[in-house]
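K.L.:
Predicted model and sequence follow; I will ask about them next.
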Amino acid sequence: MSVKVAVNGFGTIGKRVAEAVLKQDDMTLVGVTKTKPDYLAMIASRMGSLYVPEDRVEKFQKAGIEVQGTLKDLLEKVDLVVDATPGGVGKEYKPLYEKFGVKAIFQGGEKHEVAGFSFSTLCNYEEAEGKQFARVVSCNTTGLLRLICALRNHFKVKSVRATIIRRGADPAETKKGPINAIVPNPVTLPSHHGVDVRTVLPDLDVQTVAAVVPTTIMHSHVLNVRFEEPVTREDVLKVLEEAPRILVIPSELSGVKDTAKIIELARDVGRKRYDLYELAIYEESVSVEGDELFLMQAVHQESIVTPENVDAIRALTGLVSKEESLKKTDSTLGIVRSFSELIERAASNYGK
Ligand SMILES: NC(=O)C1=CN([C@@H]2O[C@H](COP(=O)(O)OP(=O)(O)OC[C@H]3O[C@@H](n4cnc5c(N)ncnc54)[C@H](OP(=O)(O)O)[C@@H]3O)[C@@H](O)[C@H]2O)C=CC1
Ligand SMILES: O=C(OP(=O)(O)O)[C@H](O)COP(=O)(O)O
């Protein structure tokens with residue numbers, strides 16, 4: 001069975017999810033939507049996959065970009081839509097999805113209540129089965145949950161405290177900032193990330209604070225996790241190194257000691273758009289004092305949610321188990337299980 005998928009919003013997230021769907025043998029990308037005629041619309045049109053909101057057809061005709069139909073035409077043809085429209089726009093589309101009886105996956109810019117279920121593969125894949133709507137939590141929350149659920153699988157986590165150092169904008173977002181400031185986000189504590197983590201793990205004692213800084217390439221997190229009993233650094237590192245979609249980077253050995261170097265690493269190992277689907281943890285930052293763990297991690301905001309969306313499609317449509325989806329998604333996206341595997345692949349693919 002192949003799930004017929006639409007992507008409403010062919011932007012930073014949507015274009016990555018659409019490309020990932022095309023790599024799955026149990027999914028069919030039927031079409032994507034744009035509202036502005038630009039190079040991405042040209043690409044989608046040449047792929048024969050471009051659909052537009054009803055009121056935009058004339059605009060694309062004037063721009064000489066052929067469209068395959070309207071958003072409604074697209075929704076007639078699919079089982080599921082991945083809504084990757086700007087934050088808050090997805091909520092406006094929900095009634096249309098309901099009218100067409102299609103399942104819908106929203107993104108982190110929507111409130112939990114829009115979908116009524118927030119999704120993070122490693123935490124609650126099984127709970128998604130049979131639901132009509134799900135929200136893939138945002139990039140920062142995905143990074144937090146991937147770490148927390150990896151730890152919870154092996155230890156009794158008592159509490160989590162995290163400082164989120166947020167990128168000010170994506171590289172292409174030239175109208176956003178800050179350019180030269182560190183902006184509390186918000187100045188009243190806590191930030192929404194802890195609230196979002198609890199939409200997936202309601203029982204967890206988690207609090208987060210956030211600030212926005214002038215960078216575009218990655219988010220960073222400083223974490224403190226407390227356990228019910230003492231743990232060892234060796235045990236924690238073993239869990240992190242074996243966990244899916246977590247990349248423990250030996251910073252001293254590799255020289256990869258900051259977000260710019262992480263992105264350069266992703267470029268040098270040949271990742272398209274320098275996408276790093278994996279959560280990057282600086283190995284040397286992992287330190288344990290009795291029952292307390294401290295570490296620093298980095299999130300490539302533009303791509304970390306891509307595999308989560310692919311898994312959410314399978315989870316909502318009951319295609320396969322979590323383990324099966326993890327295996328299919330990770331192999332098709334080239335997601336690695338370790339730093340050494342990343343280097344191995346780079347060496348074997350170099351020049352190809
Ligand atoms: N950017 C990031 O780092 C992350 C974003 N997210 C979340 O993902 C979602 C999408 O964000 P992102 O990809 O960055 O957004 P973008 O602005 O990059 O892309 C939005 C897409 O939606 C289209 N669009 C805009 N308005 C409408 C509309 N009214 N109807 C249909 N399509 C529309 C745009 O088309 P056009 O360009 O033609 O106007 C564009 O293709 C948001 O909820 C965001 O919070 C989650 C994690 C990380
Ligand atoms: O950081 C993000 O959201 P998050 O802080 O809720 O995790 C996403 O990258 C979206 O950020 P934006 O709202 O600045 O586009």
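P.N.:
Okay, I see it. It should be emphasised that the depicted structure is a prediction, and the values quoted were computed from it without experimental measurement. Ligands and ions are numbered 1, 2, ... in the order given.
K.L.:
Apart from its neighbours in sequence, what residue is nearest the residue of the stretch 101-250 of the chain found nearest ligand 1?
P.N.:
Ranking the residues of the stretch 101-250 of the chain by distance to ligand 1 (C-beta to the nearest ligand atom) places Gly109 first, at 2.3 Å. Where you see a C-beta, it was placed from the backbone N, CA and C, and this is true even at glycine. Counting by C-beta to C-beta, 6 or more residues apart in numbering, the nearest residue to Gly109 once its immediate chain neighbours are dropped is Gly87, at 2.3 Å.
K.L.:
Show me the shaky parts of the chain.
P.N.:
Within the chain, not a single segment meets pLDDT under 70.
K.L.:
Need the single longest strand in it, by residues.
P.N.:
Assignment by DSSP state E gives strand 157-167 as the longest strand of the chain.
K.L.:
Quick check: neighbours of the very next helix or strand once past that strand in the sheet, parallel or antiparallel?
P.N.:
Using DSSP states H and E, the helix or strand that follows strand 157-167 towards the C-terminus is strand 183-184. Here strand 183-184 has these sheet partners by DSSP bridges: strand 205-213 (antiparallel).
K.L.:
Assign the nearest residue to Cys139 once chain neighbours are set aside to one of the three secondary structure states.
P.N.:
Closest residue to Cys139 apart from its sequence neighbours, by C-beta to C-beta, 6+ apart: Gln301 at 4.0 Å. State at Gln301, reduced to three classes by DSSP: H, G, I helix; E, B strand; the rest coil: coil.
K.L.:
I'd guessed Gln301 sits against Asp170; true?
P.N.:
Yes: Gln301 is within contact range of Asp170, at 7.0 Å (criterion: C-beta atoms under 8 Å).
K.L.:
For these two, work out which one has more neighbours and name it.
P.N.:
Gln301 (24 against 15; other C-beta atoms under 10 Å).
K.L.:
Look up how far ligand 2 lies from that one.
P.N.:
4 Å (C-beta to the nearest ligand atom, to the nearest Å).
K.L.:
and that residue, what does it touch?
P.N.:
Residues near Gln301 by C-beta atoms under 8 Å, 6 or more residues apart in numbering: Cys139, Asn140, Arg167, Asp170, Met218, His219.
K.L.:
pretty sure the last one is touching Asn140, no?
P.N.:
What it means is His219. Yes: His219 is within contact range of Asn140, at 5.4 Å (criterion: C-beta under 8 Å).
K.L.:
Those two: which has the busier surroundings?
P.N.:
Neighbours per residue (other C-beta under 10 Å) separate His219 from Asn140, with Asn140 holding more: 27 against 23.
K.L.:
With adjacent residues omitted, what lies nearest to Leu96?
P.N.:
Once flanking residues are discounted, Leu96 sits nearest to Leu75: 6.9 Å by C-beta to C-beta, 6+ apart.
K.L.:
Kindly provide the distance from that neighbour to Leu147.
P.N.:
As judged by C-beta to C-beta, to the nearest Å, Leu75 and Leu147 stand 36 Å apart.
K.L.:
ok, back up a step: the residue nearest to Gly109 - how many residues pack around it?
P.N.:
Neighbours of Gly87 (other C-beta under 10 Å): 13.
K.L.:
Which secondary structure state does it sit in?
P.N.:
coil.
K.L.:
try Val320
P.N.:
coil.
K.L.:
One more: Val288?
P.N.:
Three-state assignment for Val288 (three-state DSSP): strand.
K.L.:
Cross-check the contact I'm expecting between it and Arg233.
P.N.:
Yes: with contact defined as C-beta under 8 Å, Val288 and Arg233 form a contacting pair (4.4 Å).
K.L.:
Would you mind telling me which of the two has more residues around it?
P.N.:
Val288 (19 against 12).
K.L.:
looking at the sheet around the more buried one, what are its partners?
P.N.:
The partner residues for Val288, given DSSP bridges, come to Leu293.
K.L.:
can you tell me which residues contact it?
P.N.:
If you count contacts by C-beta under 8 Å, 6+ apart, then Val288 has Val231, Thr232, Arg233, Val236, Phe294 around it.
K.L.:
Need phi/psi at the residue in the stretch 201-350 of the chain that ligand 1 sits nearest to.
P.N.:
The minimum distance from the stretch 201-350 of the chain to ligand 1, using C-beta to the nearest ligand atom, falls at Gln301 (3.6 Å). When read as degrees, to the nearest 10, the backbone of Gln301 gives phi -60, psi -30.
K.L.:
cool, Glu58 as well?
P.N.:
phi -60, psi -40.
K.L.:
Contacts only, for Glu228.
P.N.:
Phe155, Lys156, Val157, Lys158, Asp291.
K.L.:
Any figure for the gap between it and Glu289?
P.N.:
Counting by C-beta to C-beta - Glu228 and Glu289 are separated by 15 Å.
K.L.:
Enumerate the residues of this protein near ligand 2.
P.N.:
Gly87, Gly108, Ser138, Cys139, Asn140, Thr141, Arg166, Gln301 (C-beta under 6 Å from any ligand atom).
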